[in-house]
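K.L.:
pasting the structure only:
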DNA sequence: CTCGTATATCCCTTGACAGGTATATACCTA
DNA sequence: TAGGTATATACCTGTCAAGGGATATACGAG
């Protein structure tokens, strides 16, 4: 059973999902907006489709893809037990992101 | 830059985090509770540590690991734009999980 | 100092997966 | 029908990461 987290590990797939959060899109739109080769977009969409993240509607030669929320709800549910660690400490994330920013700018490791 | 999602793709690592959500634990406790070989636990902890998911405190020969919330907050933040798809439709997740259950029980594909 | 315990690291093998290229399929238009 | 557009699939290849086993390091007890 392919975990939803495995699917989300791929950056292009997350980008596709974020794009579809706004509105549904054809494959070509995704291709040009994200600057990913068509063949690659199709392959990622296949993975997303089989995992239930998206579904396609046929419009002549086009396939219009739209989001399906269930797998993301699953992720959200997994996250629930951890929320108590940060509710009420809103700006800890902000500090964390700043630190990450610095690491990838300045950063040489060890 | 290793994405937090990449880290979470590994099931054992998610299990470790879930375990630490309850309380901090030594490596040995994690090993016996999750039934993962010690060498494997240590390697996963290293990954989690370097990605900021956990931190270790030294107690004699033991290392006590505890959760750090920031990377999970990041994930939570990424998820935010999608929440509008399911707030108010609480039981869609339940139906989804049922369907998954059926697939992995009955399931032969195509 | 030696032995047992707790944890980390090294090396090696294996499998999964993403990207690229080429090609197939489907539909539309003329 | 032919040619163009839109999307999917097959095959190949390189990379990367997880798991196993052996070993190193650190600490405590006696």
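P.N.:
Yep, that arrived. Note that the structure is predicted; figures quoted are calculated from it, not measured.
K.L.:
in what helix or strand does the residue nearest the centre of chain A lie?
P.N.:
By C-alpha atoms, centre = their mean, the mean C-alpha position of chain A lies nearest to residue A:14, the distance being 2.0 Å. For residue A:14, the host element (DSSP states H and E) is helix A:11-22.
K.L.:
quick one: buried residues of that helix?
P.N.:
For helix A:11-22, the neighbour count (16 or more other C-beta atoms under 10 Å in any protein chain shown) marks A:13-17, A:19-21 as buried. Using the backbone N, CA and C atoms, a C-beta is placed for each residue, glycine as well.
K.L.:
Let me know the next secondary structure element after it.
P.N.:
In N-to-C order, the element after helix A:11-22 by DSSP H and E is strand A:25-26.
K.L.:
That next one: what's the following helix or strand?
P.N.:
helix A:27-34.
K.L.:
What's the separation between whichever residue of chain A sits closest to DNA strand D and residue A:45?
P.N.:
Residue nearest to DNA strand D within chain A: residue A:28 (2.9 Å; C-beta to the nearest atom of the strand). Computed as C-beta to C-beta, to the nearest Å, the residue A:28 to residue A:45 distance reads 12 Å.
K.L.:
picking up where we left off before, so the residue nearest to the centre of chain A sits right up against residue A:75, yeah?
P.N.:
No. Residue A:14 sits out of contact with residue A:75 when judged by C-beta atoms under 8 Å, with a separation of 11.4 Å.
K.L.:
Now list whatever residues contact both of the two.
P.N.:
residue A:8 (C-beta atoms under 8 Å, 6 or more residues apart in numbering or on different chains).
K.L.:
Strands of chain A, start to end?
P.N.:
Shown for chain A, the strands assigned by DSSP state E span residues A:25-26, A:54-59, A:62-67.
K.L.:
Show me the shaky parts of chain A.
P.N.:
A:1, A:88-110 (pLDDT under 70).
K.L.:
Show me what from it comes close to DNA strand C.
P.N.:
Within chain A, the positions adjacent to DNA strand C are A:2, A:6, A:9-10, A:12, A:37, A:39-40, A:43-44, A:47, A:60-61 by C-beta under 7 Å from any atom of the strand.
K.L.:
does any part of the helix holding residue A:14 sit near DNA strand D?
P.N.:
No. Using C-beta under 7 Å from any atom of the strand, helix A:11-22 never reaches DNA strand D; the gap is at least 11.2 Å.
K.L.:
contacting residues around that helix?
P.N.:
By C-beta under 8 Å, 6+ apart, helix A:11-22 touches A:7-8, A:25, A:30, A:33-34, A:36, A:40-41, A:44-45, A:47-48, A:53-54, A:65-67, A:72, B:3, B:5, B:78, B:81-82, B:85.
K.L.:
beta partners for residue A:63?
P.N.:
Beta bridges link residue A:63 to residue A:58 when assigned by DSSP bridges.
K.L.:
and it, what does it touch?
P.N.:
A:26-27, A:56-57.
K.L.:
Just the buried residues out of the residues you listed, in ChimeraX syntax.
P.N.:
With 16+ other C-beta under 10 Å as the criterion, this ChimeraX line picks the buried residues out of those:
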select /A:26,27,56
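K.L.:
so which of the contacts of residue A:63 comes closest to DNA strand C?
P.N.:
For those, the nearest to DNA strand C is residue A:27 (11.5 Å; C-beta to the nearest atom of the strand).
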